[in-house]
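here's a sequence, model it:
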Amino acid sequence: MTAEMMILGAAVFVAFMVLIWIGMNFYQKCPPNQAMIISGFGAGDHDRQFKIVVGGGAVMLPMIQQKNILSLEVMTIEVRANAPMITKNGVPLSVEGVAQVKVKGDGISIATAAEQFLGKSDEEVSNIAHETLVGHLRAILGTMTVEELIQSFDSFAQKVQEVSIADLAKMGLTVVSFTIKEIKDNVGYLEALGRQQTAEAKRNADIGVAHAQKETAIAQAQAQRDSQIAQAQAAEEGAKAKLLADTRVAEASKNFQVNQAQYSVEVANKKAVSDMAYDIVKAQTQQKLVEETQKIKIVEAQKEVEIQQVEVQKRQVGLEAEVTKPAEAEQSRIRLMAQAEQEKRRLLAEGDAQAAKLQAQGQADATRLRAMAEADAIKATGLANAEANRAQGLAEAQVTAAKGQAEAEAMSKKAEAFKMYNDAAMASMIIDRLPAIVSAAAQPLTKVTSMTVLSTGGDGSGASKITNDVLNVAAQSMAMIKGMTGIDLAEALKRDRKQLVDGGNARSLVESAPANVKQPLS
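The predicted model follows:
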């Protein structure tokens, strides 16, 4: 059973491979650029004895049928004759052209081409088509002159193509395109014709240039005339437009100025109202400021008066400790000055307040009553200044009178005090001032920056000489004091010492005198 299965499998495999081989050999394919011609037993198609397949496939029996390939691709053929071709006017020409020839794709043309070219190479087919084209080219060229040929290359090529198509169609071929590549001659006809044509062309060109220049000049003149006319018209229109524009501008300027004037009036009115309101607020603020300032000044004056009163009291106590009557006079003087200063400040504050009040009232009316307010303010300021000056003058007069009276009383008390002094007291005062007197006498020596002392060996030279000079100044000072005051300090000291020995009465006299009574000497 197993062997039979194996044999059966092998048979099936062989049969399958045979089928594949038959399919590969029996079914033939053909590309679209070729025509497959199948001939033989059973290959007939319609009224033909062979089958034509293009771009497809067909079953072919290898043993009893045959396959041939016919190319449908375009063949490029260089069309040229070995001998010159004679034109209608007898000029021998050599014409070269290029033709694109192929087998037509319909069944009849393929069948016709297969009957005539099957088994031939592409070169053999090209030669057959070439000879046909050359014959038709020669025939058509014989019906045309050289001038007609030159003037209508395309027409000549089209005629060759149209005439050749009929004959080539009998062979299953067709002309896809035909163009003239080159025309030559060996007798110089084309060159002479070219020179003639060139000369005529130059002459025609010169004539044409002359005509063109003439027409250009005429056209330029006409254009210039038209341009001038157009410019004149444009200038006229421009002038009219300018006048119209100037008129509109003037009218617009007038309207602008009128509107601007109206706006200016409105702005001035609004500004006047705003300024008046601002001046009113400013006046009120200034009035408040003046009032507060006057209050501050009053408080400051009061505090200053209190300070001065305390100072007066302090000075009064000090003066009572020093000299009773001069202290009282000085106290009275300070009190009077303080009162006068207080009165002056009060009057000035009242004057400033009155002036500020009047000024604030004047500014409240702003624009409407500005002149009257300023006049009232100036008048009030003048009155206030006059009142302040008058009060200041009275205060200064009172201060001067009080000061003079106080100084007179002080001098009187000072004179009375000096009467109480004896020679011993005066001598004591002078002795207290004696170091200052000697220092003032020796003051020039302080200006000396350096000093060189030369000693000769005597007792009155060298450093001792300087000391002696200073002592001599002191001795001369005592003589000067005696000459100015009549008090002999040496005698006064002797008497004072004697009195101390006797009982010390001189000390009690000195202690009874005020401590600062010698102040006037300073």
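
you'd agree residue 100 is in a helix?
No. Counting by DSSP: H, G, I helix; E, B strand; the rest coil, residue 100 falls outside a helix, being strand.

burial check on the nearest residue to it once chain neighbours are set aside, number of neighbours?
Setting aside the residues directly before and after it, residue 100 is nearest to residue 176 in space (CB to CB, 6 or more residues apart in numbering), at 4.0 Å. The way it works is simple: take the backbone N, C-alpha and C, and place the C-beta from them, glycine included. Neighbour count of residue 176, defined by other CB atoms under 10 Å: 13.

what lines up beside the host helix or strand of residue 176 in the sheet?
Using DSSP states H and E, residue 176 sits in strand 173-184. When pairs are called by DSSP bridges, strand 173-184 turns out to pair with strand 92-103 (antiparallel).

list the buried residues in the partner strand.
In terms of neighbour count (16 or more other CB atoms under 10 Å), strand 92-103 has its buried residues at 93, 95, 97, 98, 99, 101, 102, 103.

show me what contacts the closest residue to the third one other than its chain neighbours?
On the basis of CB to CB, 6+ apart, the spatially nearest residue to residue 97 that is not a chain neighbour turns out to be residue 79, at 4.2 Å. Residue 79 makes contact with 96, 97, 98, 99, 130, 133, 134, 137, 178, according to CB atoms under 8 Å, 6 or more residues apart in numbering.

wait, is residue 79 part of a helix?
No. Looking at residue 79 with three-state DSSP, it is strand, so not inside a helix.

and the pLDDT at it?
Residue 79 is assigned a predicted lDDT (pLDDT) of 86.

got the angle between the helix or strand encompassing residue 243 and strand 92-103?
Using DSSP H and E, residue 243 sits within helix 189-322. Per axes from the mean of the first three to the mean of the last three CA atoms, to 10 degrees, the angle that helix 189-322 makes with strand 92-103 is 70 degrees.

buried stuff in the strand holding residue 176?
Buried residues in strand 173-184, counted by 16+ other CB under 10 Å: 173, 174, 175, 178, 179, 180, 183.

reformat these as JSON lines; add distance to residue 340 and pLDDT.
Output for these, formatted as JSON lines (distance: CB to CB, whole Å; pLDDT from 0 to 100):
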{"residue": "173", "distance to residue 340": "151", "pLDDT": "89"}
{"residue": "174", "distance to residue 340": "147", "pLDDT": "89"}
{"residue": "175", "distance to residue 340": "146", "pLDDT": "88"}
{"residue": "178", "distance to residue 340": "144", "pLDDT": "85"}
{"residue": "179", "distance to residue 340": "139", "pLDDT": "84"}
{"residue": "180", "distance to residue 340": "142", "pLDDT": "84"}
{"residue": "183", "distance to residue 340": "144", "pLDDT": "82"}
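
quick one: pLDDT of residue 408?
At residue 408, the predicted lDDT confidence score is 68.

and what of residue 102?
Per the predicted model, pLDDT is 90 at residue 102.

and the gap between it and residue 71?
Per CB to CB, to the nearest Å, residue 102 is found 8 Å from residue 71.

excluding its backbone neighbours, what's nearest residue 113?
In space, and not counting its chain neighbours, residue 113 is closest to residue 172: 3.0 Å by CB to CB, 6+ apart.

residues contacting the one you found?
Contacts for residue 172 (CB under 8 Å, 6+ apart) come out as 103, 104, 108, 109, 110, 111, 112, 113, 114, 115, 116, 117.

let's see it at 7 Å
103, 104, 109, 110, 112, 113, 116 (CB atoms under 7 Å, 6 or more residues apart in numbering).

which strand or helix spans the third one?
Spelled out, that is residue 109. Per DSSP H and E: helix 107-117 holds residue 109.

may I see the buried residues of that helix?
Neighbour-count burial for helix 107-117 [16+ other CB under 10 Å]: 109, 110, 111, 112, 113, 114, 117.

pLDDT on it, on average?
85.

what's the first helix or strand after that helix?
helix 122-141.

just the angle between that following helix and strand 92-103, please?
Using the same axes, to 10 degrees: helix 122-141 against strand 92-103 is 130 degrees.

which strands or helices does the helix or strand following helix 122-141 pack on?
Counting by DSSP H and E, the next helix or strand C-terminal to helix 122-141 is helix 146-151. Contacts defined by 3 or more CB pairs under 7 Å, 6 or more residues apart in numbering; DSSP states H and E place helix 146-151 against helix 189-322.

quickly note the distance from the residue nearest to residue 113 to residue 209.
Using CB to CB, residue 172 is found at 57 Å from residue 209.

which residues does the strand holding residue 176 contact?
Against strand 173-184 from outside (CB under 7 Å, 6+ apart): 74, 93-104, 113, 129, 149, 153, 156-157, 160-161, 164-165, 168.

redo that, cut-off 6 Å
With contact meaning CB atoms under 6 Å, 6 or more residues apart in numbering, strand 173-184 is reached by 74, 93-101, 104, 129, 153, 157, 160-161, 164-165.
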